[in-house]
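*Asks:* give me a 3D structure for the following:
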Amino acid sequence: MSDEPPIVEMRDIRKSFGAVQALCGVDLMLQRNEVLGLVGDNAAGKSTLMKVLSGAYIPDSGEIYIEGQKVHFTGPEDARQRGIEMVYQDFALANNLDVASNIFLGREAVRLNLGLLKVMNKRYMEEEARRLMDRLKIDIASVRLKVENLSGGQRQAVAIGRATAFNAKVIIMDEPTAALSVAAVSKVLDLIRELKRQGASIIIISHRLEDIFEAADRVIVLRHGRKVGDLPVQGISLDEIREKVVARIVGAVDDFACGGASPLQ
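*Replies:* Numbering: from 1, shown residues only. Next comes the predicted model:
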């Protein structure tokens, strides 16, 4: 058994927005090369917790450790420098740019720097984007295609590919299969499995328990800003996940206030 610390550990994370307590002392652990599902009803705190991990939100209190080292993120760039990347539900792609330009958006390779005038190394970016698409087995005919001409599944694949392009250690995906066709969902799940095979650690926020069951090793359930379940996926059926994670746990905490003790602990 490895003595290496978890790649991510969040301890007692709390976050409020005015009078609304969004996170009430949440703990989360992500092991190396693990796919973790994060589920819960709307306003359960899933996206807030992941925005804390990705540096978009600063928690009111709590601690974050990356590979055993305590960190303090003041913004998304701090998180990126520690290898944390988040893929948002809207993909955050520039539709008028091609695939290669989107992969390198904000991190463009410069061939010639003349002060205010910078000449991009378009050939290098296209070659590296093609290499990335091939490595992740993403089926796109050309990296010169504009994103606006891609299908929803292809756009999601490009967004995920961009997140992995710069040595990401942890990839957070917010509803990666929402509003996709059945065929596109299957391809995105294949991509998640391929990323894991290549050593990535992944957190998936999703309302689709079927996708969590297909791709994740473990599932954490949030309710009213608290963690109320942490279950391995292996060895249980999808119906058992629905019953244990949704019906029983949600029913047990419907009247559970953020300030009280969890009835499941």
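*Asks:* alpha carbons only for contacts and neighbour counts from here, please
*Replies:* Fine.
*Asks:* now the residue nearest the centre of the chain: which helix or strand?
*Replies:* With distances taken as C-alpha atoms, centre = their mean, residue 172 lies nearest the centre of the chain, 1.1 Å away. Assigned by DSSP states H and E, residue 172 belongs to strand 170-174.
*Asks:* same check on residue 188?
*Replies:* Per DSSP H and E, residue 188 falls inside helix 182-197.
*Asks:* now do that helix and strand 170-174, the angle between them.
*Replies:* 160 degrees (axes from the mean of the first three to the mean of the last three C-alpha atoms, to 10 degrees).
*Asks:* what residues sit buried inside helix 182-197?
*Replies:* Neighbour-count burial for helix 182-197 flags 184, 185, 186, 187, 188, 189, 190, 191, 192, 193, 195, 196 (criterion: 16 or more other C-alpha atoms under 10 Å).
*Asks:* show me what secondary structure element comes after it.
*Replies:* Per DSSP H and E, the first helix or strand lying C-terminal to helix 182-197 is strand 201-205.
*Asks:* what's that following strand packed up against?
*Replies:* When contacts are defined as 3 or more C-alpha pairs under 8 Å, 6 or more residues apart in numbering; DSSP states H and E, strand 201-205 packs onto strand 35-39, strand 170-174.
*Asks:* and residue 242, that's in a helix?
*Replies:* Yes. Judged by DSSP: H, G, I helix; E, B strand; the rest coil, residue 242 forms part of a helix.
*Asks:* what sits against it?
*Replies:* residue 209 (C-alpha atoms under 8 Å, 6 or more residues apart in numbering).
*Asks:* pLDDT value on it, please?
*Replies:* pLDDT, residue 242: 72.
*Asks:* again, but for residue 118
*Replies:* For residue 118, pLDDT reads 79.
*Asks:* which element, helix or strand, includes it?
*Replies:* Short version, using DSSP H and E: residue 118 is in strand 117-120.
*Asks:* please tell me how far the residue lying farthest from the centre of the chain sits from residue 122.
*Replies:* The C-alpha centroid of the chain is most remote from residue 114, which lies 37.2 Å away (C-alpha atoms, centre = their mean). Taking C-alpha to C-alpha, to the nearest Å as the measure, residue 114 and residue 122 are separated by 17 Å.
*Asks:* same deal with residue 58?
*Replies:* 36 Å.
*Asks:* residue 76 reaches residue 52, doesn't it?
*Replies:* No. Counting by C-alpha atoms under 8 Å, residue 52 is not a contact partner of residue 76; they are 9.2 Å apart.
*Asks:* give me the more crowded residue out of those two.
*Replies:* Each of residue 76 and residue 52 has its neighbours counted (other C-alpha atoms under 10 Å); residue 52 has more, 22 against 18.
*Asks:* and that one, what element?
*Replies:* Here residue 52 is assigned to helix 46-53, by DSSP H and E.
*Asks:* can you show me the strands along the stretch 51-200 of the chain?
*Replies:* In the stretch 51-200 of the chain, the strands defined using DSSP state E, counting those that start in this stretch lie at 61-66, 69-71, 84-87, 110-114, 117-120, 170-174.
*Asks:* switch these over to a markdown table; also include distance to residue 225.
*Replies:* Converted to a markdown table, the strands of the stretch 51-200 of the chain look like this (distance: least, C-alpha to C-alpha, whole Å):
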| stretch | distance to residue 225 |
| --- | --- |
| strand 61-66 | 14 |
| strand 69-71 | 22 |
| strand 84-87 | 20 |
| strand 110-114 | 44 |
| strand 117-120 | 45 |
| strand 170-174 | 17 |
